[in-house]
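**Q** here's my sequence, what's the structure:
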Amino acid sequence: MKTTAGPKPPKQHKPKGPNIMKEQAPTNDYAALKLALRLAISAPDDEKFETCVAYAEELAARLPEWMVKAAQRAVI
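**A** Numbering: from 1, shown residues only. Next comes the predicted model:
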């Protein structure tokens, strides 16, 4: 008697482009600023965009200007 394992599960959708969620949690304000900027750029709606911008502004206030500019260049 032959048993089967059943139907195969459907293939999972793999999003194209960088997967922000695969990154490790930011360990410093510079990394957190880059993440907040990337999330703001890819925000699906205005509410999430505004939330990310607020986080980015808070983080930017704690960093020197040259680090903020470096984070902006790294994201764009």
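**Q** check which helices and strands whatever helix or strand Ala71 lives in sits against.
**A** Secondary structure from DSSP states H and E places Ala71 in helix 65-75. Secondary-structure packing of helix 65-75 (3 or more CB pairs under 8 Å, 6 or more residues apart in numbering; DSSP states H and E): helix 29-41. Every residue, glycine included, has its C-beta placed from N, CA and C.
**Q** what is the orientation angle of the helix it packs on with helix 65-75?
**A** Here the directions of helix 29-41 and helix 65-75 differ by 50 degrees (axes from the mean of the first three to the mean of the last three CA atoms, to 10 degrees).
**Q** which residues does helix 29-41 contact?
**A** Here helix 29-41 makes contact (CB atoms under 8 Å, 6 or more residues apart in numbering) with 18, 20, 23, 26, 48-49, 52-53, 55-56, 59-60, 62-63, 67-68, 70-72, 74-75.
**Q** apply 7 Å and report the result again.
**A** Helix 29-41 is contacted by residues 20, 26, 49, 52-53, 55-56, 59-60, 62-63, 67-68, 71-72, 74-75 when judged by CB atoms under 7 Å, 6 or more residues apart in numbering.
**Q** send over stretch 64-72 as PDB, restricted to the C-alpha atoms.
**A** Output of stretch 64-72 as PDB, limited to C-alpha atoms (Å, rounded to 0.1, in the frame of the first residue of the first chain):
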ATOM      1  CA  PRO A  64      25.600  65.400  13.500                       C
ATOM      2  CA  GLU A  65      24.600  66.900  10.200                       C
ATOM      3  CA  TRP A  66      27.300  65.000   8.300                       C
ATOM      4  CA  MET A  67      25.800  61.700   9.500                       C
ATOM      5  CA  VAL A  68      22.300  62.700   8.500                       C
ATOM      6  CA  LYS A  69      23.500  63.600   5.000                       C
ATOM      7  CA  ALA A  70      25.500  60.300   4.800                       C
ATOM      8  CA  ALA A  71      22.300  58.400   5.700                       C
ATOM      9  CA  GLN A  72      20.300  60.300   3.100                       C
END
